[in-house]
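Visitor: Next comes the sequence, and after it the predicted model I'd like to discuss.
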Amino acid sequence: MKDFSTRASVVCFLVLTFAVLSVLHAEDNWPQFRGPTGRGHSTTEDIPMKWSADSVVWKTKLKGQGQSSLVNWGDRLFLTSASEDGRERYVFCLDRQNGKIIWERTTLCKSPEHPHKMNSYATPTCATNGKRVVAFFGPAGIHCFDFEGEKKWSRELGAFPGPWGVAASPIILGDLVIQNCDAEGASSLIALSLEEGEPVWQTKREEKPRGGWSTPIVIENGDRKELVLNGELGVRGYDPKTGKELWFCKSFNGRGSPVPDFFNGLLHVVSGKPGDTYAVKPGGKGDVTKSHMVWHTKRKGGRDLPSPAVVDGYLLVVSMSGKASCYDTKTGKVYWEEKLGVKGEFASAPLVVKGHVLLQNVYGGGVLVVKPGKKLEIVSNNSLGAEVSEIFRSTLAPVKGQVFARSLSTVYCIGE
């Protein structure tokens, strides 16, 4: 009886320990742009909210430059870069524990695009499912590798003309890779077989966009999944199995680069150019602008590049210039509009963790931690020790109790 009791105690202890660790590292992997949901929300509890240059565990200089964000599976980190002229594109696999490069692969591009000065030749973020790694480079194609860096397939998806470049990241949904191919010209949303790279469906997009910058997200709307994609004219919902467009809600201005957030049954949307913030109830059929737009509120913050973030019923939207606005998610009521009080710009999408929003400065990579509420509350202003001339436009990634930041050419690991 004593042995049984001892064994039971040990089993109970192990179960409790596992449960605690599961809460701390609630998502084991950050497998695509802005994490498992694609909306920048992390359920982890153990990443730091305050840090300094002394908190940098390691940093790794990469060949070339890029603005893709870091993703991981286990202790392997994946990201991309490109040569100065865009004729070479690079995919890197790094060791999380020490930042050493495990493997590097090069893809050539005969006719590079012409990205905007705020964009790069390697802005889309990789996607992985633990077996495959997918990287998209616009006119340099989309490529799939295994975990040892062996290329499984490649496919060209278009020339992507115009003076803007691409930024939309691939997502993996089951056995599909889904890619936004908006461009100045023919535009589409396409799904490829993850194993072979063959087209499964392709849907024409009537966006007449300046470029393909927004990444689709998948939401649960009642008993069905919807693939939601912001764009030049507004936000649209698609059937992820077939690519059929389900509904469309017109926006108030163009450049639909920010990714919508989804909370309590509503999509919260802003455009890249100044215009109203608005909330949409997904579902419906056809043009649902009048029937499903729940509210819209004038926005005085200027251009929006960062995506909106919802925390506990508060919607936080930050302009490039650092003006923040906080809204009630149910009604659109404005609680406050204030400058964040730091010099610089904010371009990367926010990270939401532990009821806080992490916002990274373009110049030098300083990170403001903001707690949304009826009043502006800045919890901390954190430095990496980087020079102000170092440019950060990638999104922060939380991985196993650490935060990873990426400038144009350097990866930083923050934490223990």
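Guide: In hand now; what should we look at? Numbering: from 1, shown residues only.
Visitor: residue ranges with poor pLDDT in the stretch 301-416 of the chain?
Guide: Applying pLDDT under 70 to the stretch 301-416 of the chain picks out residues 301-302.
Visitor: now with 80?
Guide: 301-305, 416 (pLDDT under 80).
Visitor: Do a quick rundown of the helices in the stretch 251-400 of the chain.
Guide: 289-292 (DSSP state H, counting those that start in this stretch).
Visitor: End to end on stretch 192-204, go ahead and measure it.
Guide: 15 Å (Cα to Cα, to the nearest Å).
Visitor: heads up, I number from 493, so please use that
Guide: With the count now opening at 493, the last piece we talked about shows up as stretch 684-696.
Visitor: bridging residues for the residue lying closest to Leu807 once chain neighbours are set aside?
Guide: Leaving out its chain neighbours, the residue that sits closest to Leu807 by Cβ to Cβ, 6 or more residues apart in numbering is Tyr819, at 4.2 Å. All C-beta atoms are positioned from the backbone trio N, CA, C, and that covers glycine. The bridge-partner assignment for Tyr819, based on DSSP bridges, gives Leu807, Val826.
Visitor: OK, contacts around Tyr819?
Guide: Thr769, Thr789, Tyr806, Leu807, Val809, Lys825, Val826, Tyr827 (Cβ atoms under 8 Å, 6 or more residues apart in numbering).
Visitor: The fifth one contacts Ala816, doesn't it?
Guide: It refers to Val809. Yes - contact criterion Cβ atoms under 8 Å: Val809 and Ala816 qualify, at 7.1 Å.
Visitor: looking at this, Thr695 is in a strand?
Guide: Yes - with DSSP: H, G, I helix; E, B strand; the rest coil as the criterion, Thr695 is part of a strand.
Visitor: Before we move on, what's the pLDDT of the nearest residue to it once chain neighbours are set aside?
Guide: With Cβ to Cβ, 6+ apart as the criterion, Thr695 has its nearest non-adjacent residue at 4.0 Å, and that residue is Gly735. At Gly735, the model reports a pLDDT of 98.
Visitor: Thought Gln694 was touching Gly735, still the case?
Guide: Yes - Gly735 is within contact range of Gln694, at 6.6 Å (criterion: Cβ under 8 Å).
Visitor: and these two? which has more neighbours close in?
Guide: For Gly735 versus Gln694, the count of surrounding residues by other Cβ atoms under 10 Å is larger for Gly735: 19 against 14.
Visitor: Hmm, His784 is touching Val772, no?
Guide: Yes - counting by Cβ under 8 Å, Val772 is a contact partner of His784 at 5.5 Å.
Visitor: Looking at those two, which is more packed in?
Guide: More crowded of His784 and Val772, by other Cβ under 10 Å: Val772, with 26 against 19.
Visitor: rewinding a little: hey, what's in contact with both of His784 and Val772?
Guide: Cys741.
Visitor: and stretch 846-864, which residues are buried?
Guide: For stretch 846-864, burial by neighbour count (16 or more other Cβ atoms under 10 Å) applies to 846, 848-864.
Visitor: And for stretch 631-641?
Guide: For stretch 631-641, by 16+ other Cβ under 10 Å, it's Pro631, Ala632, Gly633, Ile634, His635, Cys636, Phe637, Phe639.
Visitor: now swap in stretch 588-597 and tell me
Guide: Arg588, Gly591, Arg597.
Visitor: Next one, pLDDT for the last one please.
Guide: Reading off the per-residue confidence, Arg597 sits at a pLDDT of 98.
Visitor: Which strand or helix spans it?
Guide: strand 593-600 (DSSP states H and E).
Visitor: Contacts for that strand, please.
Guide: 552, 555, 568, 579-587, 627, 629, 632-633, 635, 637, 640-641, 643, 646.
Visitor: Give me the helices and strands touching the helix or strand following it, please.
Guide: Once the chain leaves strand 593-600, the next helix or strand it forms, by DSSP H and E, is strand 619-620. Contact partners of strand 619-620 among helices and strands, from 3 or more Cβ pairs under 8 Å, 6 or more residues apart in numbering; DSSP states H and E: strand 563-565, strand 624-628, strand 663-665.
Visitor: Thank you kindly, that will do.
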